[in-house]
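K.L.:
Generate a structure from the sequence data that follows.
(2 chains)
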Amino acid sequence: MRLACDTGGTFTDLVVEHDGEIRQFKSSTVPVDPVQGVLDVLAIAADDYGLERSAFLGAATTFIHGTTRAINAILTGNTAKTAFLTTAGHPDVLVIREGGRIEPFNFTVPYPEPYVPRRLTFEVAERIDAQGRVVQPLDEDSVLAIIERLKALEVEAVGVCLLWSVVNPEHERRVGQLLAEHLPDLSVTLSHVLNPTLREYRRASATVIDASLKPLMFAYLNGLTERLRASGFNGRTLMVTSGGGIMDAEAVARAPIHAINSGPAMAPVAGRFYADRDFASDVAIVADTGGTSYDVSLVREGRIPWTRETWLGQRFRGHMTGFPSVDVKSIGAGGGSIAWVDSGGLLKVGPNSAGSTPGPVAYGKGGSEPTVTDCALILGHIDADFFLGGAMALDRDAAAAALDEKVAKRLGLPVEEAAAAVIALATEKMVGAIDEITVNQGIDPASAVLVGGGGAAGLNAVAVGRRLGCAGVLIPEAGPVLSAAGALMSELSSDHAQMLFTTSDRFDETGVNGVLAALERRCEAFAAGPGEGAVETVIEFSVEARYPHQIWEIEVPLASRRIEGPDALAALKIAFHDTHKAIFEICDRRSEVEFVTWRAKVRCRLASGEFGRVLDVVNGAEIAAHRPIYIAGSGWVEGRVARFETMAPDEPVAGPAIVESSFSTVVIDPGTVAVKTAGGGLKVTF
Amino acid sequence: MASTTARTGRDAIAMAVLSSRFESVARKMQNTLFRTARSGILNSAHDFSCVILTADCRLLAAAESLPIHTLIGPDLMCAAVKRHHPRPRRGDCFLHNSPYEGNSHPADHCLIVPVVDDEGMLRYFVLAKAHQADCGNARPSTYLADVADVYEEGALIFSATKVQADYQDNEDIIRMCQARIRVPEQWWGDYLAALGSVRIGEAGVLALGREVGWERLDDYAEAWFDYSERRMAAAIRRLPSGRATARAAHDPFPGLPDGIPIKVEVEIDGEAGRISVDLRDNPDCQPCGLNLTEGTAVSAAMVGIFNGIMDHGVPANAGSFRRLDIKVRENCCVGIPRHPASCSVATTNLADRVTNPVQRAIADIAPGFGMAETGPIMPPGIGVISGRDPRRDGEPFVNQVHLAISGGAGTPASDGFLSIIHAGNAGLCRVDGVEVDELHHPLIVASRRLVPDTEGAGAYRGALSIHGEFGPIEGCSMRVLYTMDGAINTAAGAAGGLPGAPPRAEKRERNGELTPLPSCYGLLLEPGERVVSQSAAGGGYGPPRARLPERVLSDVSEGWLSVERAKEVYGVVVTGDGAGDAFAIDAAATAALRAAAAAE
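P.N.:
Residues are numbered from 1 along each chain as shown, chains lettered A, B, ... in the order given. Predicted coordinates:
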């Protein structure tokens, strides 16, 4: 049995795969103690399987976890107090960055603040040159003086990035030793260990971001694994990474920067699978609506969107993580987003969210600010008695009173109209976010299916899809827990790289094959260690190469595990020219080729066979066949209410209607038609 | 009614999609050039532009290209191609860098490809302009200010020269370039990169035309120009009408003992939604390399306007330009150059001396608009380096570095953008990393840091100066050529803001002593010697005493501003010290100080 659990701002989702069958569960996130939310949802699942939680956990082999904890800490400024140690003479690496700007005539956006302020930046007297030679020896006294300052300032974490540490790590390593000796409790990240790449800004940025996350992510992951174990879990705990893969939790605790996009990175993995299976579409806009945020990504030609340069926030305006990642755009709009009226009388939705605590007004847990969910309830789109299959009763009157007081009265509108306006505004924000990854990239959304994931997706997914002119909307069977489902589909993988500079005219065949052999050994060790028991293991070799004087390499796959003999080298050169031509329209066949970094990637597929199917289990309260629902422009109408689990595949439901399941409510707008797919999803066309 | 709205909405979406498609093609062109170029000025500093024009030579899409390269110039150059080659064919590519026919300085080589449809009809142009590491000048720099004319400058000049037909190079021209341009292999690689860029652009536009239909694309282009013009008119209508004359001056340079005084006359017609700038009452072409070209003179004035109107939603294309009237004259140093005047430095120094007073004049006419002056450009920290690389068997190298440059002006809404580089650049070029420059060239960067107390003070302050110090490694003699403006005429403030600090150039001798260097110079550095560069700071916008005390405190905490200057210039009293990480504002003393200053 395998478990995947995704902790969002509002709900903690769990997907259980057992004997080819999928079951999904949700519980409220506990912000002060997110692990408690995990244990809560495990208890709900155990109950469903008729087991004690310890017996249930004892039967599980793996627990895959996604969490927005790292990114939330950065966005809310709750990371550790972090210092930056740099080579003397270069204190402004994080300030000067690499330049670059978007929107030449936009002067309303200020120059970005450094991730670590200058007052917490310290210069280490030392210098190594581009060839790795020591130009100025490390002055250990200067390091000791800095250590005293770190103590006085009560710094909690330190990122060390010295010039050319990737060529000669001697000084950086020694600074690390001194820090460990004198400040043993300090969290430290050394740049050459974390991210051994050229370009000091992006390496330093990765280093300080990682260091700033270490104290809280270590505490969090340590607490998670210990409490899972105490609850009876003897299997393996894995974490979802920003790269859309999975890693052992201990490894993520040592390099928490990889957890920055943990969670959202998995939605496109699942979205791709369902778009292909249920809609036969290879262009999918994957939108994950949580309680707090709306995360969108674009899958094209079946490829997970990937970015080589990851920014926290906008390009050139935020901070560079220094690592590639799955490309997901997030905005603050979700079921828990708060509706309000600003001082100028303008209606706003978000970015503040009621989260899970106190949650929407209707939850009756102390929330007083009206949310998108409250509005859906007011409009009859959500059934007060059938929320989460009836597991949680909602208070419609309280929601209406709050919306009336905070929004409707201020706008001078009836409460229903105000609620419809809130939903419409949330829809526009979501459309804007999708425009940025489609229209603004020159991609017409008309060719795409909108895959709606997350518990609140159904409230306006059809409206968003129609507004964009998409080919259709798909709410897949595991839609409510899309990210967690994606985590179960992902592979364990490990990337290994080693720099060895050589050129095609003076090719170092022995050296290169030595590097390839070493990389292969590391991959095999990974396959035998973390990858043990995988049903399939694949090792792929590639090289990053360029023409002389170019500085950006392209990746060329190797046809075999070694480069032996002139024919193999000639073939590699041709492969480079061809790849260059394919990407850039030109190549320079007369030119020699420079080979820089050799790579091997090992992928271990842990689960066998097809991804499981969700079992339709009808539980919870009976629902009425019709109820009044409010449609913007039409007012109250008697809408059909269909229970998703009992819908037959050949029985279309025409809007206005509501399709309800234990986990979600999908609003079928007038003029649109919903059918259940063979794969157990809901497909809406218009 | 409902269906009309839906139709309009659908059209608006189609226009948005198509404009993004064109922008996306231009971005792909840029990406290709950036990723495949061989010289640092292109593959690190990003000093190039890629644009798409209509068949009648109107600028349609420019992605994020340098404004001084692209607002006006590409249109003039495509017109030159049509003049010299009235029936361009598919597979043609033209090399053009003539400053007398629309280009900027001759170091900016342009490749221009006509996009010809399957019926042989010219539909669009794609153009890539890339700053070369070397362009065959008499001395190893792409910016020669102290030359009497184009003959002394020595640049190879190409006028709509057909470098490719049927997608095949004219090898004669390639050999000409390789025979004359220093580092011929690097030039060849950069040529290929630019060629890849225009061919990718051509393929993208052809695909778009086949998919959407050429007529529909034309309709879109007209709709997009009309929309852009409406946006510009609406933006200008937010400003009051008025006229202002503003003056600026380039520093004295060799052969120009009095420098070059510049006068701009700006007129805003708020009711009509139009702005005009008259540059005609300025000196004739000068016997130096600073003269502007028609493209850079007009673009420079337009940059000042786009900066000043504070509405970045206005697309910069031939549609919005209809609302602007920039008057230039023939044989003027900030107008249309007359052969053989040299325009070797036409994109930077004097161009900024046009942009800056325009944005200042707008601030004079319309409070809350306009901008202060950007720091003048070209200290050694952005100089052209050359020599022989001992790490590569003495192979020659020439390249401009973007190591230590800042300059952003204070604006009505933000402090000066640190890495703006210069006004016409708008910060779109990159700044070199230390490791990349040290890998690429035989040099070592001893230090690079911001210099405190250099900002042009203001309610929104200018960017600080950046100090950079570098020199050759063992076994290398390195030449550094630069053309530094601003040592005398610093970046002025606007709306009560103060000027930024001047730039500085010095040589660090082997014994550590500093020797001051002239403003326009080429120095030879031996191992152990270094050049010390300090960039000009940007001017401030608005009175310094109106600056939010929290912003002053932040600058003090970060070490950008001294406690003394905070008090004297900004009227903010800061207590505490950096040792305890605890600076604070003395609110009462600050209020008293500011009140006393206001009463004066």
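K.L.:
what's near enough to touch B:N425?
P.N.:
Residues in contact with B:N425 (C-beta atoms under 8 Å, 6 or more residues apart in numbering or on different chains) are B:66-68. In this view, the C-beta of every residue, glycine as well, is placed from N, C-alpha and C.
K.L.:
In those residues, which residue is surrounded by the most others?
P.N.:
In terms of neighbours by other C-beta atoms under 10 Å in any protein chain shown, these top out with B:I68 at 31 neighbours.
K.L.:
Am I right that that residue sits in a helix?
P.N.:
Yes. B:I68 forms part of a helix when assessed by DSSP: H, G, I helix; E, B strand; the rest coil.
K.L.:
shouldn't it be in contact with B:M302?
P.N.:
No. Assessed by C-beta atoms under 8 Å, B:I68 is found out of contact with B:M302, at 9.3 Å.
K.L.:
before we move on, back to that, next, format the contacts of B:N425 as CSV and append pLDDT and distance to chain A.
P.N.:
What follows is these, written out as CSV (pLDDT from 0 to 100; distance: C-beta to the nearest C-beta, whole Å):
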residue, pLDDT, distance to chain A
B:L66, 95, 8
B:P67, 97, 6
B:I68, 96, 10
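K.L.:
Now render those as TSV, adding distance to A:Y220.
P.N.:
As requested, the contacts of B:N425 are exported to TSV (distance: C-beta to C-beta, whole Å):
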residue	distance to A:Y220
B:L66	46
B:P67	47
B:I68	50
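K.L.:
Any idea how many residues pack against the closest residue in space to B:H131 that isn't next to it in sequence?
P.N.:
Leaving out its chain neighbours, the residue that sits closest to B:H131 by C-beta to C-beta, 6 or more residues apart in numbering or on different chains is B:D47, at 4.1 Å. Counted by other C-beta under 10 Å, the residues lying close to B:D47 total 29.
K.L.:
low-confidence ranges in the stretch 351-500 of chain A?
P.N.:
The stretch 351-500 of chain A contains residues with pLDDT under 70 at A:440-442.
K.L.:
what about chain A, any weak spots by pLDDT?
P.N.:
A:440-442, A:608-609, A:616-623.
K.L.:
any idea how it splits into domains?
P.N.:
A:2-74+A:218-259, A:79-216, A:496-605 (automatic domain parsing).
K.L.:
quick one: the second one to chain centroid distance?
P.N.:
Once both centres are worked out by C-alpha atoms, centre = their mean, to the nearest Å, domain A:79-216 turns out to sit 26 Å from its chain's centre.
K.L.:
if you look at it, does any of it touch chain B?
P.N.:
Yes. Counting by C-beta under 8 Å from any C-beta of the partner chain, contacts between domain A:79-216 and chain B involve A:88-92, A:95-111, A:117-120, A:129-131, A:135, A:152-153, A:163-164, A:198-201.
K.L.:
Ok, the last one next?
P.N.:
Yes. Under the criterion of C-beta under 8 Å from any C-beta, domain A:496-605 makes contact with chain B via A:547-552, A:554, A:580, A:583-586, A:588, A:591.
K.L.:
Could you pick out the longest helix of chain A?
P.N.:
helix A:200-230 (DSSP state H).
K.L.:
Check which helices and strands the helix or strand hosting A:V684 sits against.
P.N.:
Per DSSP states H and E: A:V684 is located in strand A:682-685. Contact analysis of strand A:682-685 by 3 or more C-beta pairs under 8 Å, 6 or more residues apart in numbering or on different chains; DSSP states H and E lists helix A:461-468, strand A:472-475, strand A:665-668, strand A:673-676 as its packing neighbours.
K.L.:
try it again with 6 Å
P.N.:
The contact analysis (3 or more C-beta pairs under 6 Å, 6 or more residues apart in numbering or on different chains; DSSP states H and E) places strand A:682-685 against strand A:472-475, strand A:673-676.
K.L.:
can you tell which of those is closest to chain B?
P.N.:
strand A:472-475 (17.5 Å; C-beta to the nearest C-beta).
K.L.:
Give me the sheet partners of that closest one and which way each runs.
P.N.:
Strand A:472-475 has its sheet partners listed here by DSSP bridges as strand A:449-453 (parallel), strand A:682-685 (antiparallel).
K.L.:
and it, how far from the chain's centre?
P.N.:
21 Å.
K.L.:
which residues does the closest residue to A:I257 other than its chain neighbours contact?
P.N.:
Leaving aside its sequence neighbours, A:I257 sits nearest to A:D210 (C-beta to C-beta, 6+ apart; 4.0 Å). A:D210 makes contacts with A:189, A:194, A:257, as judged by C-beta atoms under 6 Å, 6 or more residues apart in numbering or on different chains.
K.L.:
Go through those residues and name the one nearest A:F595.
P.N.:
Distances from A:F595 to the contacts of A:D210, taken as C-beta to C-beta, are shortest for A:L194 (24.2 Å).
K.L.:
which residues does the closest one contact?
P.N.:
Contacts of A:L194 by C-beta under 6 Å, 6+ apart are A:206-207, A:210.
K.L.:
thinking again about what came up before, A:A419: which of the contacts of B:N425 is nearest?
P.N.:
Nearest member of the contacts of B:N425 to A:A419, counting by C-beta to C-beta, is B:P67, at 46.2 Å.
K.L.:
helix or strand for the nearest residue to that closest one once chain neighbours are set aside, which one?
P.N.:
In this structure, B:P67 finds its nearest non-sequential neighbour in B:V303, 4.8 Å apart by C-beta to C-beta, 6+ apart. Per DSSP H and E: B:V303 is located in helix B:294-308.
K.L.:
hmm, the very next helix or strand once past that helix touching chain A?
P.N.:
Once the chain leaves helix B:294-308, the next helix or strand it forms, by DSSP H and E, is helix B:318-321. No. Helix B:318-321 is not in contact with chain A by C-beta under 6 Å from any C-beta of the partner chain; minimum separation 10.7 Å.
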